[in-house]
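Undergrad: the sequence isn't on hand, but the structure is:
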């Protein structure tokens, strides 16, 4: 019996209105205004009713619903037109995957589904032509100048990014609408920036933050995009038109019970880095300090500006000192009086709180010195925090989990490191992977470059004379294990079980983190086409701080990018 939490009713029905085309209460084609995708959604609903206990269909239904959600929620018809290429690509991939989920291998059946999509596309073009010929309605849909700039930018980007999936009719329609918008608005759209993006799904573990105004968004891009540091949140892309936003690495303000000195040390390294590049914060606050899933502290990347006027490194140091004091008092003390007094006066207490030692207290005093010229430099702050961290004991970290010792664990001999639950060293797995690459001639163009890159990284790790962080070695072993797992699966595929079984097994692996299923049972000579999935995760038993496995996610890929994305 299916898990009720992974049923269509919970994963899809609970997320939509009863009137939605996605709701399983409908047993017929529910036509939407622009028709696109109606047939595929109907087939998904039908399959969910026919196979009520099939969690794979429910999982896939949720996935494609989420992929199309932004398009469906968009109320502006011309904005939806600009997304044509992206939506068509999602639906074409969705049809291929859905047929394989259902175990349908009949070519005629597949062609029928694709023809239904073609009919929807033609009907959609006709609907938009009627809109285009209705001048009053078309002018209403164009919106104001700001909206017209957004539409022109999105249309140009859509054609450049997804033009190869658009039909001649769709390309002609978009060109006509684009030209009409240009004539009406006198707006000329220049080169679309390389960083321009409209969907955070292009990156795993990503999120987006809305920015107030186009100019502000562009300023953030100029200062943030060139930054590359482990303790500065990664910038992925941005959309500066419409409702501007930036797409970035997924972080949180801080994890519960996070190690305070380790967290602050990471943030200080990020601050030191941006200061060295002539940047400071307009107003440094708690919101600018973030944390990753591995508990390290980092800067958000937001609110940075060039050093000028009253904005100085010294002002950042003072603000960071105040934030650090608040954070540490909140972590170590049950008495709120000192914290309330600091918030009121913005001055440290006259006497050292009992939970700070001399070194820790002197660091805070130096950071919060009234005279900016006497204030501790960021280089000194980072050095002092590193010293405090190295001297900290168990009581410095969480009373439930020893995050500090986990983070400081090291591997002295990479060549002797055993991959968890495998009994194999990294070099053993590399050797096996090399032999498997030789045996898989059909995939040599894909597998060999990845294998050579893995060997190159391994050689660099072995060449390091000092001990390496455990998490670094674990992460490399995780990538190698996943690559080897795919090679073994393809090599041992001697029979062809149903694509449904293959996808179920892959999803089970993604959800549980288990790779104990016999690889001999896998058979997917067409797996890249069948699922368009790659699995991101750790080998069985690979442990990180707090005993958490690295999250598994499913992402759209093409065969040539399934592994290189992570090298």
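TA: Okay, I see it. Source: prediction; values computed, not measured.

Undergrad: chain neighbours aside, what residue packs nearest to residue 454?
TA: Using Cβ to Cβ, 6 or more residues apart in numbering and skipping residues adjacent in sequence, the residue nearest residue 454 is residue 480, 5.7 Å away. No exception for glycine: its C-beta is placed from N, CA and C like everyone else's.

Undergrad: my read: that neighbour touches residue 430, true?
TA: Yes: counting by Cβ atoms under 8 Å, residue 480 does reach residue 430; the two are 6.8 Å apart.

Undergrad: joint contacts of those two?
TA: 454, 458 (Cβ atoms under 8 Å, 6 or more residues apart in numbering).

Undergrad: looking at these two, which is more packed in?
TA: A direct count of neighbours by other Cβ atoms under 10 Å for residue 480 and residue 430 places residue 480 higher, at 21 against 18.

Undergrad: next, the buried residues of whichever helix or strand the more buried one is part of.
TA: Counting by DSSP states H and E, the element that carries residue 480 is helix 470-491. Neighbour-count burial for helix 470-491 flags 470-471, 473-491 (criterion: 16 or more other Cβ atoms under 10 Å).

Undergrad: so which residues of the chain form strands?
TA: In the chain, the segments counted as strands under DSSP state E are 206-210, 235-239, 245-249, 279-281, 289-291, 297-299, 304-306, 410-411, 468-469, 533-536, 553-556.

Undergrad: of these, which approaches residue 137 most closely?
TA: Closest to residue 137 of those is strand 235-239 (Cβ to Cβ; 26.4 Å).

Undergrad: that closest one packs against which elements?
TA: helix 214-224, strand 245-249 (3 or more Cβ pairs under 8 Å, 6 or more residues apart in numbering; DSSP states H and E).

Undergrad: angle of that strand against strand 245-249?
TA: Orientation note: strand 235-239 sits at an angle of 160 degrees relative to strand 245-249 (axes from the mean of the first three to the mean of the last three Cα atoms, to 10 degrees).

Undergrad: okay, now the domains of this structure?
TA: 8-185, 251-391, 410-492 (the TED database).

Undergrad: please point out which parts of the biggest helix by length in the chain sit buried.
TA: Using DSSP state H to assign secondary structure, the helix with the most residues in the chain is helix 107-133. Of the residues in helix 107-133, 113, 116, 117, 120, 121, 124, 125, 127, 128, 131, 132 count as buried by neighbour count, 16+ other Cβ under 10 Å.

Undergrad: could you dump the residues you listed to JSON lines with distance to residue 4 and pLDDT?
TA: Putting the buried residues of helix 107-133 into JSON lines (distance: Cβ to Cβ, whole Å; pLDDT from 0 to 100) gives the following:
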{"residue": "113", "distance to residue 4": "30", "pLDDT": "90"}
{"residue": "116", "distance to residue 4": "32", "pLDDT": "94"}
{"residue": "117", "distance to residue 4": "32", "pLDDT": "94"}
{"residue": "120", "distance to residue 4": "33", "pLDDT": "95"}
{"residue": "121", "distance to residue 4": "37", "pLDDT": "96"}
{"residue": "124", "distance to residue 4": "37", "pLDDT": "96"}
{"residue": "125", "distance to residue 4": "42", "pLDDT": "96"}
{"residue": "127", "distance to residue 4": "39", "pLDDT": "95"}
{"residue": "128", "distance to residue 4": "41", "pLDDT": "96"}
{"residue": "131", "distance to residue 4": "43", "pLDDT": "95"}
{"residue": "132", "distance to residue 4": "47", "pLDDT": "95"}
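
Undergrad: farthest pair within these?
TA: 113 and 132 (29.1 Å).

Undergrad: give me the pLDDT value at the closest residue to residue 269 other than its chain neighbours.
TA: Here the nearest residue to residue 269 in space, its sequence neighbours aside, is residue 231; by Cβ to Cβ, 6+ apart that works out to 4.4 Å. The score at residue 231 is 93. That number is its pLDDT.

Undergrad: ok, now which ones touch residue 410?
TA: For residue 410, the contacting residues are 467, 468, 469, 470, taking Cβ under 8 Å, 6+ apart as the criterion.

Undergrad: quick one, which of these are buried?
TA: Buried residues within the contacts of residue 410, defined by neighbour count using 16+ other Cβ under 10 Å: 468, 470.

Undergrad: still on that earlier bit, give me the distance between the residue nearest to residue 269 and residue 460.
TA: Here the distance between residue 231 and residue 460 works out to 22 Å (Cβ to Cβ, to the nearest Å).

Undergrad: re earlier: now render the contacts of residue 410 as JSON lines, adding distance to residue 5 and pLDDT.
TA: Converted to JSON lines, these look like this (distance: Cβ to Cβ, whole Å; pLDDT from 0 to 100):
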{"residue": "467", "distance to residue 5": "43", "pLDDT": "82"}
{"residue": "468", "distance to residue 5": "40", "pLDDT": "84"}
{"residue": "469", "distance to residue 5": "36", "pLDDT": "82"}
{"residue": "470", "distance to residue 5": "34", "pLDDT": "80"}
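
Undergrad: from the contacts of residue 410, which is closest to residue 246?
TA: For residue 246, the nearest member of the contacts of residue 410 is residue 469. The distance, counting by Cβ to Cβ, is 29.3 Å.

Undergrad: and the closest one, what are its bridge partners?
TA: Using DSSP bridges, the bridge partners assigned to residue 469 are residue 410.

Undergrad: make 7 the starting number, not 1.
TA: Yep, numbering from 7; the last one is residue 475 now.

Undergrad: residue ranges in the chain under the pLDDT threshold?
TA: When residues are selected by pLDDT under 70, those of the chain lie in 7-8, 58-59, 261-262, 399-415, 426-428, 498-573.

Undergrad: need the contact list for residue 322.
TA: With contact taken as Cβ under 8 Å, 6+ apart, residue 322 is in contact with 277, 281, 286, 287, 290, 384.

Undergrad: who wins for neighbours among those residues?
TA: For those, neighbours were counted using other Cβ under 10 Å, and residue 277 has the most, 29 neighbours in all.

Undergrad: is that one in contact with residue 305, as I believe?
TA: Yes: counting by Cβ under 8 Å, residue 277 does reach residue 305; the two are 6.6 Å apart.

Undergrad: for residue 235, give me phi and psi.
TA: As for residue 235, its main-chain torsions (degrees, to the nearest 10) stand at phi -160, psi 140.

Undergrad: now for it, how many residues are close by?
TA: Under the criterion other Cβ under 10 Å, the count of neighbours that residue 235 has is 17.
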